[in-house]
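*Asks:* Sequence and predicted structure below; questions after.
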Amino acid sequence: MKPDLREALGSRILTGDGAMGTFLYQMGFPVGVSYEEFNILKPNVIADVHRRYYEAGARIIETNTFSANRESLIRYGLDSDVAAINKAGVQIARSAVGSDAYVVGAIGSIRAGKRKNIRSHHLKQSFQQQIDGLLSEEVDGLLLETFYDLEEALLVLKLVRQQSAVPVLCQFAIEKEAVTQDGHTLAFAFERLKEEGADVVGFNCRSGPNGILRAIDAIGAEVSLPMSIFPNAGIPDYVDGKYLYTATPEYFAESARKFADRGARIIGGCCGTTPEHIA
């Protein structure tokens, strides 16, 4: 039986997985559909992606549930399928990887840094549905990723802590400055998340490895929790009608060593990364 995720992070660095959505796009699946619905429609496809990342060395496996919330799924007429999609996401991930992997339920931001018109009580309802679905399948942890605002991240974290002591990883998406979009320094944001029960803090998406390295250096030694880092494979270029990410697996490996040197305990990838990047 593997140790609790918190315990594991105290003794070693864990490799995270890579992108789901952009990898499905590279595999030929179109944009404009709900990739989360694939948990129901194409479970073998999702299981294959999880398996490829596991075979590449990933031991933190994210469920395919990033946008599996009511606010996102309602656009596809799937708002009544929130629980089923989240439950299936956990089940597929577990079935696809070995018992030594940690399956963490992925929860993405709903506001995404711009949807301020969504009231807090609607956010709570949407996040609560998703949290309930993921926790019902006994995930090894929850990953709150691509959050721009401390306020929204705290809202989700508090909902989790009202009902579970499961390990929670909280990751911000950052732009150029080392502040959240609601104006807090990252050092302050990480400390507030720690006070509310976060176990791991870090970054993902938006920026390639260099941007996240700069953010880590800007906050220095002010982070008192383990860090998780999931950068994009660089900034995408739009070429011949397709988005292409240019960071090579070799460059990604060099960057991973730099993250490890700065104390990161989980290192994976976000948009544009593939099993080759993770390997």
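*Replies:* Perfect, I can see it now.
*Asks:* Spell out the residue ranges of the helices in this protein.
*Replies:* Using DSSP state H, the helices of the chain run over 5-9, 21-26, 38-41, 43-55, 70-73, 82-96, 120-135, 150-161, 186-195, 209-219, 249-261, 275-278.
*Asks:* how about those, which one is nearest V201?
*Replies:* helix 186-195 (4.5 Å; CB to CB). For every residue, glycine as well, the C-beta is placed using N, CA and C.
*Asks:* Based on its surroundings, how many neighbours for G113?
*Replies:* 17 (other CB atoms under 10 Å).
*Asks:* so what's it closest to, chain neighbours aside?
*Replies:* Y148 (3.4 Å; CB to CB, 6 or more residues apart in numbering).
*Asks:* quick one on the thing from earlier: how about a markdown table for the helices of the chain, with mean pLDDT and mean neighbour count added?
*Replies:* Listed next are these as a markdown table, based on pLDDT from 0 to 100; neighbours: other CB atoms under 10 Å:
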| stretch | mean pLDDT | mean neighbour count |
| --- | --- | --- |
| helix 5-9 | 96 | 17 |
| helix 21-26 | 93 | 18 |
| helix 38-41 | 98 | 19 |
| helix 43-55 | 98 | 19 |
| helix 70-73 | 95 | 20 |
| helix 82-96 | 98 | 22 |
| helix 120-135 | 94 | 18 |
| helix 150-161 | 97 | 20 |
| helix 186-195 | 95 | 19 |
| helix 209-219 | 88 | 18 |
| helix 249-261 | 94 | 16 |
| helix 275-278 | 97 | 21 |
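*Asks:* Quick one: closest of these to L169.
*Replies:* Across the helices of the chain, closest to L169 is helix 5-9 (CB to CB), at 8.6 Å.
*Asks:* export that closest one as PDB, just CAs?
*Replies:* This file holds the C-alpha atoms of helix 5-9, laid out as PDB (Å, rounded to 0.1, in the frame of the first residue of the first chain):
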ATOM      1  CA  LEU A   5       0.600  11.700  -0.700                       C
ATOM      2  CA  ARG A   6       1.800  14.200   1.900                       C
ATOM      3  CA  GLU A   7       4.200  11.500   3.300                       C
ATOM      4  CA  ALA A   8       5.500  10.600  -0.100                       C
ATOM      5  CA  LEU A   9       6.400  14.300  -0.900                       C
END
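*Asks:* on that earlier part again, for V104, find the nearest of the helices of the chain.
*Replies:* helix 5-9 (7.9 Å).
*Asks:* got the contact list for stretch 35-45?
*Replies:* 20-21, 24, 27, 29, 46, 64-68, 72-73, 76, 78, 81, 84-85, 88-89, 92 (CB atoms under 8 Å, 6 or more residues apart in numbering).
*Asks:* How much space separates the residue positioned nearest the centre of the chain from K2?
*Replies:* Centroid-nearest residue in the chain: E145, 4.0 Å away (criterion: CA atoms, centre = their mean). With distances taken as CB to CB, to the nearest Å, E145 is found 22 Å from K2.
*Asks:* Kindly report the same for E36.
*Replies:* Taking CB to CB, one finds E36 at 27 Å from K2.
*Asks:* And S109, by the same measure?
*Replies:* Counting by CB to CB - S109 and K2 are separated by 29 Å.
*Asks:* okay, those two: which has more neighbours?
*Replies:* Taking neighbours as other CB under 10 Å, S109 and K2 compare with S109 leading, 26 against 13.
*Asks:* Would you list the phi and psi of the more buried one?
*Replies:* Backbone torsions for S109, taken as degrees, to the nearest 10, come to phi -60, psi 140.
*Asks:* Ok, G269 next?
*Replies:* Dihedral angles (degrees, to the nearest 10) for G269: phi -140, psi 160.
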